[in-house]
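In: whatever this is, show me its structure:
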Amino acid sequence: MKSTPTLGAAAFAVAALVTSFPAAAQAPPDPPTSPDTSTTGTASVTFGSPAEATVGTDAPADEKPTRRRDDSVHVGVLGGVGFPRPLGVEAILQLDGLVLFGAEYSALPTVDVSGVNTSLWAVAGDIRVFPARSGFFVGLRAGRQHLAEQGSIAVTGVGTFSAGQTADTTFVNPRMGFLWTWRPFALGIDAGVQIPVSTTAASTVPAQIQLPAAVTEATHLLSQQVLPTIDLLRIGVVM
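Out: Residues are numbered from 1 along each chain as shown. Below you'll find the predicted structure:
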C-alpha cells in the first residue's frame with residue numbers, strides 16, 4: 001500500500017522521541033553559576049574597608065600646608081661696605097628666623113681733609129625683624145660714633161704746632177633691606193637714615209685759630225647732621 005512508508009516513518013520518530021526523553025531526564029542539572037564576586041570584593045575593599053575610610057578622613061582636601069618654622073638659634077658674622085663708615089663687621093644671633101640681634105663695629109679709615117687727618121668709627125647694637133620670615137627686614141641700629149681730626153697748624157710769629165678736635169655722637173639708625181641666608185652663606189643690602197641724638201665735642205685748637213672751612217663743614221656734617229646710610233653689600237656666614 002502507498003501509505004505504508006509514511007506510517008513507518010511516523011512510528012520511527014515517535015520511538016526515537018520516547019527513547020531520548022529518559023536520557024534527558026537522567027542528565028544531571030548544570031551546576032549553579034556562582035555570582036562574580038571580583039567586582040563586589042574590590043568594591044568592599046576600596047569603599048567598605050574601615051581602615052581605608054579612616055585614612056581618607058585624616059587629611060581633608062581643603063587643608064593647606066603651613067610654613068615650617070625654624071625654631072633653632074643661629075650665629076654668624078657679617079662684613080660689608082657702606083656709607084658713612086665704609087668698612088664694617090658684625091656678629092649676629094638669629095632666633096626662629098624672625099628676629100636677628102647684632103653687635104657691629106664700623107670705621108672710616110684716616111683720610112686727609114684740607115691737610116687735617118680725619119677718622120671715624122662707631123660701635124652699635126642692631127635688631128632686625130623679618131615679618132614674613134623671608135629675606136626682607138625692618139631694623140633699628142643704635143650706637144656711639146667717634147670723629148677725630150688731627151693736624152698741624154702754622155701760626156705766624158709763633159710757629160707750627162699740632163692740634164685736634166673730636167666729636168662723639170649718640171645716634172639711632174632706622175633702616176630696611178634684605179638679608180638672604182643659604183646656610184652657611186648670607187648676603188644682604190639695606191638703607192636708612194642716621195639721626196644724631198646728642199653730640200659732645202672737644203678741641204685743642206686755640207680759640208683765635210680759625211680752621212679751614214672744609215674741616216669745619218666735615219665735622220658738622222659727620223657729627224651733627226642727619227645722614228643717609230647704606231650698606232652696599234653685606235656678606236658672611238651663618239651657622
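In: got the buried residues for the helix or strand containing residue 216?
Out: Assigned by DSSP states H and E, residue 216 falls within helix 213-224. Taking 16 or more other C-beta atoms under 10 Å as the basis for neighbour counts, the residues of helix 213-224 that come out buried are 215, 218, 219, 222, 223. From N, CA and C alone the C-beta is placed, and that goes for glycine too.
In: okay if I get the residues you listed as CSV plus distance to residue 166?
Out: CSV is the format used below for those (distance: C-beta to C-beta, whole Å):
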residue, distance to residue 166
215, 13
218, 13
219, 9
222, 11
223, 9
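In: ok, residues contacting the helix holding residue 216?
Out: By C-beta atoms under 8 Å, 6 or more residues apart in numbering, the residues outside helix 213-224 that reach it are 84, 113-114, 116, 118, 120, 145, 147, 149, 151, 165, 167-169, 196, 199, 201, 227.
In: just the buried ones from these, in ChimeraX syntax?
Out: In ChimeraX, this line selects whichever of those come out buried by 16+ other C-beta under 10 Å:
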select :84,116,118,120,145,147,149,151,165,167,168,169,196,199,227
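In: of the contacts of helix 213-224, which belong to helices?
Out: Among the contacts of helix 213-224, no member falls in helices (DSSP state H).
In: from the contacts of helix 213-224, which land in strands?
Out: The members of those that map onto strands under DSSP state E are 113, 116, 118, 120, 145, 147, 149, 151, 165, 167-169, 196, 199, 201, 227.
In: count residues in the vicinity of residue 226, would you?
Out: In terms of burial, residue 226 registers 9 neighbours under the definition other C-beta atoms under 10 Å.
In: doesn't residue 195 make contact with it?
Out: Yes: Residue 226 is within contact range of residue 195, at 5.5 Å (criterion: C-beta atoms under 8 Å).
In: quick check: bridge partners of residue 126?
Out: Beta-bridge pairing of residue 126, defined through DSSP bridges, involves residue 102, residue 141.
In: how confident was the prediction at it?
Out: Reading off the confidence values, residue 126 has pLDDT 97.
In: that one touches residue 103, doesn't it?
Out: Yes: applying C-beta under 8 Å, one finds residue 126 in contact with residue 103, separated by 7.3 Å.
In: between the two, who's got more neighbours?
Out: Regarding residue 126 and residue 103, a neighbour count based on other C-beta under 10 Å identifies residue 126 as having more, with 19 against 14.
In: just the buried positions in stretch 105-123, please.
Out: Taking 16+ other C-beta under 10 Å as the criterion, stretch 105-123 shows 106, 107, 108, 116, 118, 120, 121, 122 as buried.
In: can you lay out those as JSON lines showing pLDDT and distance to residue 173?
Out: Written out in JSON lines, the entries for the buried residues of stretch 105-123 read as follows (pLDDT from 0 to 100; distance: C-beta to C-beta, whole Å):
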{"residue": "106", "pLDDT": "98", "distance to residue 173": "11"}
{"residue": "107", "pLDDT": "98", "distance to residue 173": "15"}
{"residue": "108", "pLDDT": "95", "distance to residue 173": "15"}
{"residue": "116", "pLDDT": "87", "distance to residue 173": "26"}
{"residue": "118", "pLDDT": "93", "distance to residue 173": "21"}
{"residue": "120", "pLDDT": "96", "distance to residue 173": "14"}
{"residue": "121", "pLDDT": "98", "distance to residue 173": "15"}
{"residue": "122", "pLDDT": "98", "distance to residue 173": "10"}
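In: so which residues of the protein form helices?
Out: 4-26, 37-47, 50-58, 213-224.
In: can I get stretch 205-215 as CSV, trimmed to CA atoms?
Out: Taking C-alpha atoms only, stretch 205-215 is exported to CSV below (Å, rounded to 0.1, in the frame of the first residue of the first chain):
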residue,chain,number,x,y,z
VAL,A,205,92.7,124.3,68.8
PRO,A,206,93.2,127.7,70.2
ALA,A,207,90.1,129.9,70.1
GLN,A,208,91.8,132.5,68.0
ILE,A,209,92.8,130.0,65.3
GLN,A,210,90.3,129.5,62.5
LEU,A,211,90.2,126.1,61.0
PRO,A,212,89.8,125.6,57.2
ALA,A,213,86.2,125.8,56.1
ALA,A,214,86.3,122.2,54.7
VAL,A,215,87.3,120.8,58.1
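In: that's all I had, so thanks and see you.
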